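A.B. asks: just coords:
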């Protein structure tokens, strides 16, 4: 089974509490989502390979470790995943960005694809899929399936908040995918929203509520 990494760093938990507050405005919500994505990216990229290179400092020449040139891509699930992109690019500015557009059918709660645009070399890249909320897991599972259909093999999923249902769905459908989240909440309500959660992440990021 793919691992689930619950990132309980105090800074993450503090910022997550700000997101949960219904009184947090659009500007602050958007900024904190980006900050959380940056902090989570630090953990999700902990296994990036390194190589030694020779560098001359002002004092001496020696060998030091740098990233081994691994190609990375981030793929936000539209639209809420867009709120996490800049936070990731802060740490990995050379990463390419793909987009997958999905919406949940209000009756079945299953994902429907309406947009997919990926880098030409996506199959050669390590991928982090971004979506603030992992509720039923249907959208994330579908997005990962699309990527696998393009030949992608090394995929991670990054969510700010997850529900047990969503984690179970990803582990069942994609046991090779590691999940990174800042919290696992109690359950889903009758409308498929995470409880206690933080509401609709997309509406709160873009001010469309």
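C.D. replies: Right, received. Where do you want to start? Since we're looking at a predicted model, the values are computed, not measured.
A.B. asks: For the helix ranked longest in the chain, could you pull out the residues that count as buried?
C.D. replies: When every helix of the chain is counted residue by residue (DSSP state H), the longest turns out to be helix 26-44. Within helix 26-44, the residues scored as buried using 16 or more other C-beta atoms under 10 Å are 29-41, 44. C-beta: built from backbone N, CA, C; applies to glycine.
A.B. asks: For the next helix or strand after that helix, name the packing helices and strands.
C.D. replies: Where DSSP states H and E defines the elements, the next helix or strand beyond helix 26-44 is strand 50-56. When contacts are defined as 3 or more C-beta pairs under 8 Å, 6 or more residues apart in numbering; DSSP states H and E, strand 50-56 packs onto strand 61-67.
A.B. asks: how far is the strand it packs on from where the chain is centred?
C.D. replies: Computed by C-alpha atoms, centre = their mean, to the nearest Å, the chain-centroid distance of strand 61-67 equals 30 Å.
A.B. asks: which neighbours does that strand have in its sheet, and in what orientation?
C.D. replies: According to DSSP bridges, strand 61-67 has the following sheet partners: strand 50-56 (antiparallel).
A.B. asks: what separates the partner strand from the chain centre, distance-wise?
C.D. replies: Using C-alpha atoms, centre = their mean, the distance between the centre of strand 50-56 and that of its chain works out at 30 Å.
A.B. asks: likewise stretch 4-12?
C.D. replies: Taking C-alpha atoms, centre = their mean, one finds stretch 4-12 lying 14 Å from the centre of the chain it belongs to.
A.B. asks: now do the same end-to-end measure for that stretch.
C.D. replies: Stretch 4-12 has an end-to-end distance of 16 Å (criterion: C-alpha to C-alpha, to the nearest Å).
A.B. asks: Okay then, goodbye and thanks.
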